[in-house]
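Participant: Build me a model from this:
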Amino acid sequence: MTDEKWKWKEELTRARLSQADVGMFLNLSESQMSHLVSKMVRGKGLTATAQDQERWKRALEYIHFSQNKQLKELAIKS
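Facilitator: Numbers count the residues shown, from 1 in each chain. The predicted structure follows:
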């Protein structure tokens, strides 16, 4: 697994999300989400269409939103 793929998995874990969760948020099937991740992570976005780039931006925003939500919940519990 490449470093980029590990980073992707790590970001998902911090947000307590799965790749399928992000795909559902984007209204993509598991196959479509896997293909998007391959294009953007392994392929570094070089073959990405404008739609791919927009979906990826929304995916990252959703992950960061979820990570912030997790941090706030931890702060409340402390």
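Participant: how close does Arg14 get to Thr47?
Facilitator: Arg14 sits 27 Å away from Thr47, going by Cβ to Cβ, to the nearest Å. Just so you know, the C-beta spots here come from the backbone N, C-alpha and C atoms, and that holds for glycine as well.
Participant: what's the lengthiest helix in the chain packed up against?
Facilitator: The longest helix of the chain (DSSP state H) is helix 50-77. Contacts defined by 3 or more Cβ pairs under 8 Å, 6 or more residues apart in numbering; DSSP states H and E place helix 50-77 against helix 3-14, helix 19-25, helix 30-37.
Participant: Give me the buried positions along that helix.
Facilitator: Residues Asp52, Arg55, Trp56, Ala59, Tyr62, Ile63, Ser66, Gln67 are the ones in helix 50-77 that count as buried (16 or more other Cβ atoms under 10 Å).
Participant: how about TSV for the residues you listed, with distance to Lys39 and pLDDT added?
Facilitator: Below are those laid out as TSV (distance: Cβ to Cβ, whole Å; pLDDT from 0 to 100):
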residue	distance to Lys39	pLDDT
Asp52	6	97
Arg55	10	97
Trp56	8	96
Ala59	12	96
Tyr62	18	97
Ile63	17	96
Ser66	22	95
Gln67	23	93
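Participant: Can you tell me which of those is nearest Asn27?
Facilitator: Arg55 (9.5 Å; Cβ to Cβ).
Participant: Which residue comes closest to the closest one once chain neighbours are left out?
Facilitator: Take Arg55 and drop its neighbours on the chain: the residue closest to it by Cβ to Cβ, 6 or more residues apart in numbering is Leu26, 5.5 Å away.
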